[in-house]
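Colleague: got a sequence here, can you model it:
(chains A and B)
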There are 2 protein chains.
Amino acid sequence: MRLILTYFLCLFSFPAHAGLFNAQSTTLDNGIEVVIIPNHRAPIVHHMLWYKAGSAQEINGHSGVAHFLEHLLFKGTNHPDRPLEAGEFSKRIRTMGGKDNAFTSKDYTAFYQTTSKEHLNTLMQMEADRIRHAMPPETHVLSERDVVIEERNQRTENNPQARFYEQMQATLFPNHPYGRPVIGWREEIRVMSHIDTKSFYDRFYHPNNALLIISGDITLENILPDIKRIYGAIPAGEIFPRHFPTLPAFEGETRITHSEQQVKQPLWMRGYRVPSLRQNKEHALALQVLESILDGGPTTRLYKKLVVEDKKAIEISLSYRSDSYDTSSLWMSAVPAEGIALPDLETDIDMLLTQLIKKGITDQELLDAKTRLKNAAIFARDSLSTPAHIIGRALTTGSTLQDVETWDLHIDAVTKDQIQSVSELYLNPKNRSTFNYITGFLLPEKEERNE
Amino acid sequence: MRLILTYFLCLFSFPAHAGLFNAQSTTLDNGIEVVIIPNHRAPIVHHMLWYKAGSAQEINGHSGVAHFLEHLLFKGTNHPDRPLEAGEFSKRIRTMGGKDNAFTSKDYTAFYQTTSKEHLNTLMQMEADRIRHAMPPETHVLSERDVVIEERNQRTENNPQARFYEQMQATLFPNHPYGRPVIGWREEIRVMSHIDTKSFYDRFYHPNNALLIISGDITLENILPDIKRIYGAIPAGEIFPRHFPTLPAFEGETRITHSEQQVKQPLWMRGYRVPSLRQNKEHALALQVLESILDGGPTTRLYKKLVVEDKKAIEISLSYRSDSYDTSSLWMSAVPAEGIALPDLETDIDMLLTQLIKKGITDQELLDAKTRLKNAAIFARDSLSTPAHIIGRALTTGSTLQDVETWDLHIDAVTKDQIQSVSELYLNPKNRSTFNYITGFLLPEKEERNE
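Modeller: From the prediction side, this is the model:
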């Protein structure tokens, strides 16, 4: 199944109006949250069940369990009336002409399907059965673990950039669940057991820790009786609040240099700790606009200056995730042009950041950034699945539906001063009072040393 | 209380004979291990109670609990017949003319007293009461937490070297309990509660997880009845085996550079992951001799070459801890001479290591190292407390009394080839197949960058 480490769409916005998605929502008696996003263009539905638990809820020493459990949910259910064999779930969806998948992140796990509308009730019943009746046979647990190991080999072990990012993440979030990879540390994946996943399942897979989102050719009024009958019948479980340790400050500037043979192309990275929407809405919104100003395409600051004009880099990017339950991160990375050393490239990047902090942005940049955000959002609204994903991420990380529906108004209200202020606060390489970042150099193996 | 992060005596050895300490040992029915080290020079005793639990047994997110609990054990007991008020324990020891203290490490926690022999039974009863009857009043818990915070402020927060070592340790042991500081992460100390420490106490403070060591003017024969009556009366508890995650390999060379204003003196550090005695006795013994060859005083390799001859460094040291339950570490650190850059110093150090690996050591070096180890051990044997500490550390980290008693024979058997072999295996900066180390630069704050 897909392991989503970066969101496939981070930018979204809409012209100002009553609500971006006109989503309808309710909460059933057993605690399950329900969001319906009516979209009547075609007689199809996108059905998603989200759990407010991801890798951040794993017990130390058992990393990878949230993601592994996601895999195991495709390995059969033992509901007395409607048992399903391993693999049967996806097979049935395909028989309906639909498709299904799932993903795990640090704060949530989600399962989703797209089918024609007539199959929605069958689909809901199948998904509802997975809330408390997943029952993978032991042989499938072991073979699926090999699948996950192979997944990690392909995505991480054989990819020095991915391993370096893992190391940077661990350093940016020491002693914090966000410091560990969602897929899990290699050696811990190797020993994951049925008991580990069962325990995670029993702690977090309950209706009162779940969020049902259906977008498509339905309304809350006409589907609610079915939802109540199917999802409302599952008793609530005991759910514990999410807890995160406070991150220690860095007190100084920290740099990691990693060199190895597999690396062919040097890479510069920087990770900043910044607030999530849940932690500081005003700052997070300003950071979203700032992200678009700095990294919104070939005409924006970083790319234009470093790649197009100065030809110091062949690639540069910046990404910020506002939907994080605890402290979020903003990552910058750059690949230097031939012959450009990483420290030189870094000096140029820091100069651009310092300029931004000192002189701020222009009215045109602010306008362009907001326009880009809105354009991306208009595109998103055309999709059946994207609004469901956006709402799911928001509601599982501490935001409300109201926050999502009025997001465009808040983005429109972001000012140049706010942008300058968050730049100063979070991205200032000279700010000696709040060291909130680490810098990394990934390099090809060094020359042999003289003896 | 004292927090021992580095052992006060790492070198010990003795001329070959039946047993180094001639210690006597037994295990009572309730599982408590007893070691008596007869020493009849004076009518005094050194009494130690060790628990086979330290910071490595803490639950993630609750770092510092083992050490905090050690403090709280001085805050009163509630034995029905012999309750003690907070502070009363140490006060009584002082009244006896004795002294007492305690320390916590990653693998163990120990409490000890020195008094005249006539008070031994009283002392044992007081210590035995702390195994299951510690009962600190809530007000003392809160005020003692402030004491620990202040301890951390003084030792770590105000000391950039200590914070850097903490960061290096976390990077050398990612996702592993040895990666966290024994005293605990600052933010976690601030929220430590009575419940956290009580839970640690109830899991690990049982006679079958304890080791009693008494050295002094006694023999096992004459003291055993008292030990049985006092310590043997405490019922065994449920003890779970220690579990450690496997460490992921580094796959390449990793370097951390940390610069901050408080740093006045640059510092070079390198940490290697190496086996402990429990994990690989032959390699650990060779590493002990190697440590003495490289860092045994002004005439040994590193110091002589870098400080005395080349004047590249003003300080250089190497330390290896063989008594670790899980993977151990070998640390090198160096302070450059005025005007010498850290990369230059590192090149020289790596050249010395490469020479060692290629050419090995001389017979004289091997002989000198063994002699130094023996001299240190002869000194240790004069002490009442040192043999007890040595045996305690060994027996709480997976070694046996037999290992300790015959240690000198094993050290004598270490060959030049073995030294060269462990140098090649663990200290080779060019060994691209087993990256087992990280390197760190601690620097004064950088010059302001140009704009």
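Colleague: average model confidence for the helix or strand hosting A:F200?
Modeller: Following DSSP states H and E, one finds A:F200 within helix A:194-204. The pLDDT scores in helix A:194-204 average 94.
Colleague: then stretch A:367-387?
Modeller: Stretch A:367-387 carries an average pLDDT of 87.
Colleague: would you mind listing the buried residues in it?
Modeller: For stretch A:367-387, the neighbour count (16 or more other C-beta atoms under 10 Å in any protein chain shown) marks A:368-370, A:372-374, A:376-377, A:380-381, A:384-387 as buried. (Each C-beta comes from the backbone N, C-alpha and C, glycine too.)
Colleague: now stretch A:408-424
Modeller: Within stretch A:408-424, the residues that count as buried by 16+ other C-beta under 10 Å are A:D408, A:H410, A:I411, A:V414, A:Q418, A:I419, A:Q420, A:S421, A:V422, A:S423, A:E424.
Colleague: wondering if it reaches chain B at all.
Modeller: No. Residues of stretch A:408-424 are not located near chain B by C-beta under 8 Å from any C-beta of the partner chain, the shortest gap being 14.9 Å.
Colleague: and the end-to-end length of that stretch?
Modeller: 24 Å (C-alpha to C-alpha, to the nearest Å).
Colleague: what average pLDDT does that stretch get?
Modeller: Rounded mean pLDDT across stretch A:408-424 is 94.
Colleague: near chain B, which residues of the stretch 101-250 of chain A?
Modeller: So the stretch 101-250 of chain A meets chain B at A:160, A:163, A:167, A:170-171, A:174-175, A:180, A:185-188, A:190, A:243, A:245-248 (C-beta under 8 Å from any C-beta).
Colleague: quick one: contacts for the nearest residue to A:S116 once chain neighbours are set aside?
Modeller: Nearest non-adjacent residue to A:S116, counting by C-beta to C-beta, 6 or more residues apart in numbering or on different chains: A:I44, 5.4 Å away. If a contact means C-beta atoms under 8 Å, 6 or more residues apart in numbering or on different chains, then A:I44 has A:T114, A:T115, A:S116, A:K117, A:G216, A:D217, A:L384 as its contacts.
Colleague: of these, buried ones?
Modeller: A:T114, A:T115, A:G216, A:D217, A:L384.
Colleague: in the stretch 201-350 of chain A, which spans are strands?
Modeller: Using DSSP state E, counting those that start in this stretch, the strands of the stretch 201-350 of chain A run over A:210-216, A:253-260, A:267-274, A:313-320, A:328-336.
Colleague: packing partners of the longest one?
Modeller: On a contact count with 3 or more C-beta pairs under 8 Å, 6 or more residues apart in numbering or on different chains; DSSP states H and E, strand A:328-336 meets strand A:267-274, helix A:281-294, strand A:313-320, helix A:342-359.
Colleague: check the offset of the longest helix seen in chain A from the chain's centre.
Modeller: Across chain A, the longest stretch assigned as helix under DSSP state H is helix A:363-382. Distance of helix A:363-382 from its chain centroid, counting by C-alpha atoms, centre = their mean, to the nearest Å, is 21 Å.
Colleague: ok, back up a step: chain B: which of the helices and strands packed on strand A:328-336 is closest?
Modeller: helix A:342-359 (5.6 Å; C-beta to the nearest C-beta).
Colleague: the helix or strand just after the longest helix of chain A vs helix A:363-382, what angle?
Modeller: The helix or strand immediately downstream of helix A:363-382 is helix A:386-395, counting by DSSP H and E. Helix A:386-395 runs at 110 degrees relative to helix A:363-382, counting by axes from the mean of the first three to the mean of the last three C-alpha atoms, to 10 degrees.
Colleague: the lowest-mean-pLDDT helix or strand in chain A versus helix A:342-359: what angle between them?
Modeller: Considering only helices and strands, the least confidently modelled element of chain A by mean pLDDT, DSSP states H and E is helix A:363-382, at a mean of 87. For helix A:363-382 against helix A:342-359, the angle by the same axes, to 10 degrees is 100 degrees.
Colleague: dump helix A:363-382 to CSV, keeping only the CA atoms.
Modeller: The C-alpha trace of helix A:363-382 is given here as CSV (Å, rounded to 0.1, in the frame of the first residue of the first chain):
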residue,chain,number,x,y,z
ASP,A,363,2.8,43.4,-3.3
GLN,A,364,3.1,41.6,-6.5
GLU,A,365,4.7,38.5,-4.9
LEU,A,366,2.0,38.4,-2.3
LEU,A,367,-0.7,38.7,-5.0
ASP,A,368,1.0,36.0,-7.2
ALA,A,369,1.4,33.6,-4.3
LYS,A,370,-2.3,33.9,-3.3
THR,A,371,-3.3,33.5,-7.0
ARG,A,372,-1.2,30.4,-7.2
LEU,A,373,-2.7,29.0,-4.1
LYS,A,374,-6.2,29.7,-5.4
ASN,A,375,-5.4,28.2,-8.8
ALA,A,376,-4.2,25.0,-7.2
ALA,A,377,-7.3,24.9,-5.2
ILE,A,378,-9.6,25.3,-8.1
PHE,A,379,-7.9,22.4,-9.6
ALA,A,380,-8.3,20.4,-6.4
ARG,A,381,-12.0,21.1,-6.3
ASP,A,382,-12.5,19.4,-9.6
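Colleague: quick one: the helices and strands packed on strand A:328-336 as TSV, columns for distance to A:K198, mean pLDDT and mean neighbour count too.
Modeller: Shown next, in TSV, are the helices and strands packed on strand A:328-336 (distance: least, C-beta to C-beta, whole Å; pLDDT from 0 to 100; neighbours: other C-beta atoms under 10 Å in any protein chain shown):
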stretch	distance to A:K198	mean pLDDT	mean neighbour count
strand A:267-274	34	96	22
helix A:281-294	36	95	23
strand A:313-320	35	94	19
helix A:342-359	46	94	17
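Colleague: with distance to B:K312 added, can I get the ones you listed in TSV?
Modeller: Output for those, formatted as TSV (distance: least, C-beta to C-beta, whole Å):
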stretch	distance to B:K312
strand A:267-274	31
helix A:281-294	43
strand A:313-320	37
helix A:342-359	24
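Colleague: out of those, which is closest to A:I36?
Modeller: A:I36 lies closest to helix A:281-294 among the helices and strands packed on strand A:328-336, at 25.2 Å (C-beta to C-beta).
Colleague: tilt between that closest one and helix A:342-359?
Modeller: 120 degrees.
Colleague: can you list phi and psi of the residue nearest to A:S116 for me?
Modeller: Per-residue torsions, A:I44: phi -130, psi 160 (degrees, to the nearest 10).
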